[in-house]
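# model this:
(2 chains)
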There are 2 protein chains.
Amino acid sequence: MKIGLLGFGTVGEGVYQLAQTHPELEIVTVFRRKDGEIPGCTVTHDFSQILNDPEIDTVVEVIGGIEHASEYVLAALRAGKNVVTANKALLAAKYDELLAAAKTSGAKFRASAAVGGSIGWLANLERAKRIQEIDHIHGIFNGTCNYMLDLMTRQQLDYQQVLRQAQDLGYAEADPSADVDGLDTAAKLTISANIAFGISLHHESVPVSGISQINSADITTFTERGYVCKLLGTADKFADRIEAYVQPTLVRSSDATAAVHTNYNLAEFSGSATGTQSFGGQGAGRYPTAYNVLQDLCDLLAGKSFHTDTVPQSEVTAENSTQLHYYLRGDSTDLADWPAAEISAHWDQGILTTAQPVAKMHQWLKAHREVFAAALPRDFQVHEMK
Amino acid sequence: MKIGLLGFGTVGEGVYQLAQTHPELEIVTVFRRKDGEIPGCTVTHDFSQILNDPEIDTVVEVIGGIEHASEYVLAALRAGKNVVTANKALLAAKYDELLAAAKTSGAKFRASAAVGGSIGWLANLERAKRIQEIDHIHGIFNGTCNYMLDLMTRQQLDYQQVLRQAQDLGYAEADPSADVDGLDTAAKLTISANIAFGISLHHESVPVSGISQINSADITTFTERGYVCKLLGTADKFADRIEAYVQPTLVRSSDATAAVHTNYNLAEFSGSATGTQSFGGQGAGRYPTAYNVLQDLCDLLAGKSFHTDTVPQSEVTAENSTQLHYYLRGDSTDLADWPAAEISAHWDQGILTTAQPVAKMHQWLKAHREVFAAALPRDFQVHEMK
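Take a look at the predicted model:
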């Protein structure tokens, strides 16, 4: 296999290094912005040098972002070159277009590293679907938010302190909104649901609420009641509809999801034969991500193409959605907007709602952006309240 | 694929049912003790009817046990028929013989369901090894012991009560020794280590201690100090040696391993590129186990054979082994045999030893079979003691 590598940043250099011990994976040309030689490869600033090289049969895209990556990946697929990408934003935004381009030209296309970094989550969904139907997925898909929430919970730090620590460690960007507002989780959930359920969600139809409004008093309230707050992406396949949403969620402290620490990810599915299965590991980083890029290259060699088939695009339903109890906390004006008849209890500075349709709650939250909201577990019973 | 199915008990009937929706997996003949028709299949009491049927290219063995299963599986492999088995006892005891038989005849042979039931653990080890070295594995491989320990911990029941519950639920046999003495875990650890490290352990060289001596006072002692007791199988690959052992192990209550409840399994590996990865799910049961038998059949169709290559047999080292602190509790005569100079502290009715080589401790335990022993975490520090 002759490879053109797009990008030589953290992950790109990891791909290059891991490929050195796999002589069948030959990186011929590297496309990067910077100058500087790379042993054994031609370095170029011009993508067409890869696109027009008939010797290169496979393109690895680890540039990130949507605009340029999309242009290069689509051009490569249309030219019949196989593509492996680790780019979740690209995959969520251009899912149908990418799969269609691969189908039309007959090129192979894989993206195992796009969700869950090291975990091989998408490859395991693909494997599971050979034998069984999957009807539920959920997970901690964003290591930055998990790092922040875990530190707030275990070290009683406040939001600004943990955000600064995450930035110092390189986990969070200077503008952390893609992580803390849940957009990164929504992209990964969209891709996961598409592969698990054999659908194609419009990624902007997934309702999202993030963690930017959480404070240390909320965490204390949860800890005292035996809960841990995690940012979860959740999707369900029902006979008549698909539901998918991203929201801070309270899990019982004895639950495996509560035991996911630092920047680790954990993803779970429920299948008709296996019941629940869980997959945990490093969700990002040079070698964890590069590792699944190499796994995809091995799978291309073995003749595999994308993790599932192309299907028509579908919307997340806003009707008949699952009903959950929510913890809401905000200033008194905002909370006064919540109907008194739909309050089950008061938890310290916040309120606990009666069971609410997820879609309705996310509508309300759009109009009350400074309220922090966290969903209670599905099987939460009002008599559990203390 | 034309399949001869050996065994029509819990798992065998599950294989039959799951195969109904996979027309490429055609079960032609079922070998079972009982009479009774099975739609679409010939039923036989005579294995030679499968062995000598040139139409049957693949044999699925879900009889269990070693003696008969070994005879049938080896005969099938030698006759060039592909084999899928879920039989961990067989695989641990006859590893080299089975792999050699497959290699000689060119038959394919897989066993994903033999460890971890639904989890696909062996298949994930196989996948990981395409890209990286694995140097550590550990896990909860026995659902019965986990069910019992979890119930003792979370419901403060005593050993005899939880054993009876496990027997009532069909998790434990009337003679529970294969489970509670750790022999089932040792078989699964042996197979896992063989595949993870590319070795062939002599399965009887793995030191094993089980849970049959644990009592509710031990559990209280652990709970009060923030630990949960699990029966773990652990194996490490060092530059100069292999270590593998099965023993009750204390994990911190915030650890993901502590959050494995009821009869679930959790297996983890550490790899050079990924760091630690974890895989959790149902470790036994009709459909979970049958599911990975079907996965193996799909992998045979895709041309895959065994999860790793054959290698010469190796022994677990008894030299220079890892040093761990142990909790020991027994009657005063037994405990008086433990050298006073090697006691770090007293924990209620038990003692905490200084750091001890694992091999040495297991030797001591062989001579003191009524002592309950549990290892502390590897990174345990004496100043943690309360």
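# list the contacts for the residue lying closest to residue A:271 once chain neighbours are set aside?
In space, and not counting its chain neighbours, residue A:271 is closest to residue A:132: 4.2 Å by Cβ to Cβ, 6 or more residues apart in numbering or on different chains. Using the backbone N, CA and C atoms, a C-beta is placed for each residue, glycine as well. Applying Cβ atoms under 8 Å, 6 or more residues apart in numbering or on different chains, we find residue A:132 in contact with A:271-274, B:291.
# show me what from chain A comes close to chain B.
Contact residues (Cβ under 8 Å from any Cβ of the partner chain) of chain A with chain B: A:18, A:22, A:118-120, A:123-124, A:127, A:130-132, A:154, A:254-256, A:258-261, A:266, A:271-282, A:287-288, A:290-291, A:294-295, A:298, A:302.
# repeat the analysis, applying 6 Å as the threshold.
Within chain A, the residues that sit near chain B (Cβ under 6 Å from any Cβ of the partner chain) are A:118, A:130-131, A:256, A:259, A:273-275, A:277-278, A:280-282, A:287-288, A:291, A:294, A:298.
# which of these are buried?
Using 16 or more other Cβ atoms under 10 Å in any protein chain shown as the burial test, these include A:118, A:131, A:256, A:259, A:273-275, A:277-278, A:280-282, A:287-288, A:291, A:294, A:298 as buried.
# show me those that map onto strands.
Cross-referencing these against strands under DSSP state E gives A:275, A:277-278, A:280-282.
# any chance of CSV for those residues, columns distance to residue B:81 and pLDDT?
Below are these laid out as CSV (distance: Cβ to Cβ, whole Å; pLDDT from 0 to 100):
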residue, distance to residue B:81, pLDDT
A:275, 32, 97
A:277, 30, 97
A:278, 35, 98
A:280, 38, 98
A:281, 37, 97
A:282, 41, 95
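# turn those into CSV, columns for distance to residue A:326.
Below are these laid out as CSV (distance: Cβ to Cβ, whole Å):
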residue, distance to residue A:326
A:275, 28
A:277, 28
A:278, 25
A:280, 27
A:281, 30
A:282, 31
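# for the residue of the stretch 1-150 of chain A found nearest chain B, which non-adjacent residue is spatially closest?
Closest contact between the stretch 1-150 of chain A and chain B, by Cβ to the nearest Cβ, is at residue A:118 (4.0 Å). In this structure, residue A:118 finds its nearest non-sequential neighbour in residue A:288, 3.3 Å apart by Cβ to Cβ, 6+ apart.
# that neighbour contacts residue A:295, doesn't it?
No - counting by Cβ atoms under 6 Å, residue A:288 sits too far from residue A:295 to count as a contact (11.2 Å).
# residue A:17 sits in which helix or strand?
Here residue A:17, judged by DSSP states H and E, is contained in helix A:10-19.
# show me what contacts the residue most central in space within chain A?
Closest residue to the average C-alpha location of chain A: residue A:188 at 2.5 Å, with Cα atoms, centre = their mean. Listed by Cβ atoms under 6 Å, 6 or more residues apart in numbering or on different chains, the contact partners of residue A:188 are A:88, A:115, A:141.
# pLDDT score assigned to the first one?
The one in question is residue A:88. Residue A:88 carries a pLDDT score of 96 in this model.
# tell me, how many residues neighbour it?
By other Cβ atoms under 10 Å in any protein chain shown, the residues close to residue A:88 number 24.
# the second one too?
Burial of residue A:115 is recorded as 29 neighbouring residues (other Cβ under 10 Å).
# ok, now how distant is the nearest residue to it once chain neighbours are set aside from chain B?
Spatial nearest neighbour of residue A:115, chain neighbours left out: residue A:188 (4.4 Å); criterion: Cβ to Cβ, 6+ apart. Distance of residue A:188 to chain B, given as Cβ to the nearest Cβ, to the nearest Å: 17 Å.
# quick check: the nearest residue to residue A:353 once chain neighbours are set aside vs residue A:215, distance?
Of all residues not flanking residue A:353 in the chain, residue A:326 sits nearest, at 4.7 Å (Cβ to Cβ, 6+ apart). Between residue A:326 and residue A:215 the computed distance is 17 Å (Cβ to Cβ, to the nearest Å).
# between the ones in strands among the buried ones among the residues of chain A next to chain B, which is nearest residue B:343?
Nearest to residue B:343 among these is residue A:280, at 36.8 Å by Cβ to Cβ.
# surely that closest one touches residue B:276?
No - checked against Cβ under 6 Å, the pair residue A:280 and residue B:276 is beyond contact range at 8.1 Å.
# may I have the very next helix or strand once past the helix holding residue A:17 as CSV, with CA atoms only?
Counting by DSSP H and E, the next helix or strand C-terminal to helix A:10-19 is strand A:26-31. The C-alpha atoms that make up strand A:26-31 are tabulated as CSV, following Å, rounded to 0.1, in the frame of the first residue of the first chain:
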residue,chain,number,x,y,z
GLU,A,26,4.5,2.7,2.9
ILE,A,27,4.1,6.4,3.4
VAL,A,28,5.3,7.8,0.1
THR,A,29,4.4,11.5,0.3
VAL,A,30,3.5,13.8,3.3
PHE,A,31,1.5,16.9,2.7
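# which parts of the next helix or strand after strand A:26-31 are buried?
Once the chain leaves strand A:26-31, the next helix or strand it forms, by DSSP H and E, is strand A:42-44. The neighbour-count check on strand A:42-44 (16+ other Cβ under 10 Å) flags residue A:43 as buried.
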